[in-house]
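Okay, sequence plus prediction incoming.
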Amino acid sequence: TTTIARMYRKFGLAVLLVAHDWSDLHPVYRKHAGWRIAMASSDPEYLSVTASYLRLAAEEYRWLSEGLRGRAVLRMQHKPYSFPIQIEPPPEARTDYWWVR
């Protein structure tokens with residue numbers, strides 16, 4: 001995946017990779033990914049690793065640590081700050097959509 005991402009970058013293309021845990025990603029890929037997004041969680045271990053990888057400020061850490069659905073932090077690799085964001089999927093993309101009608 002890392003090799004493919006490097007090859008595609010030459011042509012202005014990007015690879016979007018989704019993982020449940022930071023350790024699922026190759027260290028070289030983690031290091032060179034231009035954009036990173038972390039979803040909220042109440043797991044202290046996940047939050048600690050995420051804070052390290054994304055260099056989160058205290059407010060950004062608090063935003064994620066509340067574990068509320070849809071909360072995330074978006075980080076561009078070479079920027080000194082992150083963007084706290086709220087993700088709200090369309091109704092048909094929600095897992096409860098198919099069961100609550």
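It's in. Numbering: from 1, shown residues only.

all helices for the protein, in order.
Taking DSSP state H as the criterion, the chain carries its helices at 2-9, 27-32, 44-54, 58-65.

by contact count, what packs against the last one?
Okay, so that is helix 58-65. Counting contacts by 3 or more CB pairs under 8 Å, 6 or more residues apart in numbering; DSSP states H and E, helix 58-65 is packed against helix 44-54, strand 71-76, strand 82-86. No exception for glycine: its C-beta is placed from N, CA and C like everyone else's.

For that helix, give me every contacting residue.
38-42, 47, 50-51, 54, 56, 71-73, 82, 84 (CB atoms under 8 Å, 6 or more residues apart in numbering).

ok, now the longest one?
Residues lying outside helix 44-54 but in contact with it, judged by CB under 8 Å, 6+ apart, are 21-23, 30, 36, 38, 41, 56, 60-61, 64-65, 73, 75, 82.

number of nearby residues for the residue nearest to Phe83 when sequence neighbours are not counted?
Closest residue to Phe83 apart from its sequence neighbours, by CB to CB, 6 or more residues apart in numbering: Leu74 at 4.4 Å. The number of residues packed around Leu74, counting by other CB atoms under 10 Å, is 15.

dump the residue contacts of Leu74.
Here Leu74 is in contact with Trp35, Arg36, Ile37, Ser82, Phe83, Ile85 (criterion: CB under 8 Å, 6+ apart).

For the residues you listed, which entry has the maximal number of neighbours?
Ser82 leads those on contacts (other CB under 10 Å) with 23 neighbours.

Quick one, grab the pLDDT at it.
Here the pLDDT value assigned to Ser82 is 88.

thought it was touching Trp35?
No - Ser82 is beyond contact range of Trp35, at 10.7 Å (criterion: CB atoms under 8 Å).
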